[in-house]
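> Sequence and predicted model, in that order:
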Amino acid sequence: MMWLRIGYNNIRVSMYCFVSGIAFSAGTLWVLFQNGIMLGSFQQMFFAKGLGLESVLVIWIHGTLEISSIVIAGSAGMILGNSLLFPVRTRVRNP
């Protein structure tokens, strides 16, 4: 059941990261900032206790898909917010 809760949380964070881009990218930046601070704090705590290499191996091997999915959702949220801030008119050219 734990993998279900972890999966649900990761999907929720990724969706929140994407959808908050509708606030002109500020929401997405805030979610990415919070998650970056949280991950950096964990890494600092483990390095301070002398468990740096073990934490890197566990966190980054385990969290590669999770972290990359949040980064991809953040990129999509930034594109969403920037498209609202800077709309571009496209022309259809006749061949």
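Sure, I can see it. Numbers count the residues shown, from 1 in each chain.

> Where does residue 32 sit, in terms of helix or strand?
Per DSSP states H and E, residue 32 falls inside helix 26-48.

> Counting by contacts, list what that helix packs against.
If contacts are counted by 3 or more C-beta pairs under 8 Å, 6 or more residues apart in numbering; DSSP states H and E, helix 26-48 sits against helix 2-19, helix 52-62, helix 64-85. Glycine gets a C-beta too; all of them are placed from N, C-alpha and C.

> ok, and the closest non-adjacent residue to the most centrally placed residue in the chain?
Nearest to the geometric centre of the chain sits residue 70, at 2.8 Å (C-alpha atoms, centre = their mean). The shortest distance from residue 70 to any non-neighbouring residue, by C-beta to C-beta, 6 or more residues apart in numbering, is to residue 14 (5.5 Å).

> Then residue 24?
residue 81 (5.0 Å).

> Count the neighbours of the one you found for me.
By the measure other C-beta atoms under 10 Å, the count of residues near residue 81 is 20.

> what pLDDT does it get?
Among the per-residue scores, residue 81 shows a pLDDT of 93.

> ok, now residue 89?
Residue 89 carries a pLDDT value of 69.

> I'd like to know how far the residue nearest to residue 70 sits from residue 35.
In this view, residue 14 and residue 35 are 10 Å apart by C-beta to C-beta, to the nearest Å.

> Please enumerate the shared neighbours of these two.
By C-beta atoms under 8 Å, 6 or more residues apart in numbering, residue 14 and residue 35 have these common neighbours: residue 70.

> neighbour-wise, which of the two wins?
The residue with more neighbours, out of residue 14 and residue 35, is residue 14; 20 against 16, by other C-beta under 10 Å.

> For residue 87, see how far away the more buried one is.
For residue 14, the distance to residue 87 - C-beta to C-beta - is 25 Å.

> number of nearby residues for the nearest residue to residue 71 once chain neighbours are set aside?
By the measure of C-beta to C-beta, 6+ apart, the closest residue to residue 71 outside its immediate chain neighbours is residue 32, 7.9 Å from it. Using other C-beta under 10 Å, residue 32 has 19 other residues around it.

> Kind regards, and thank you for your time.
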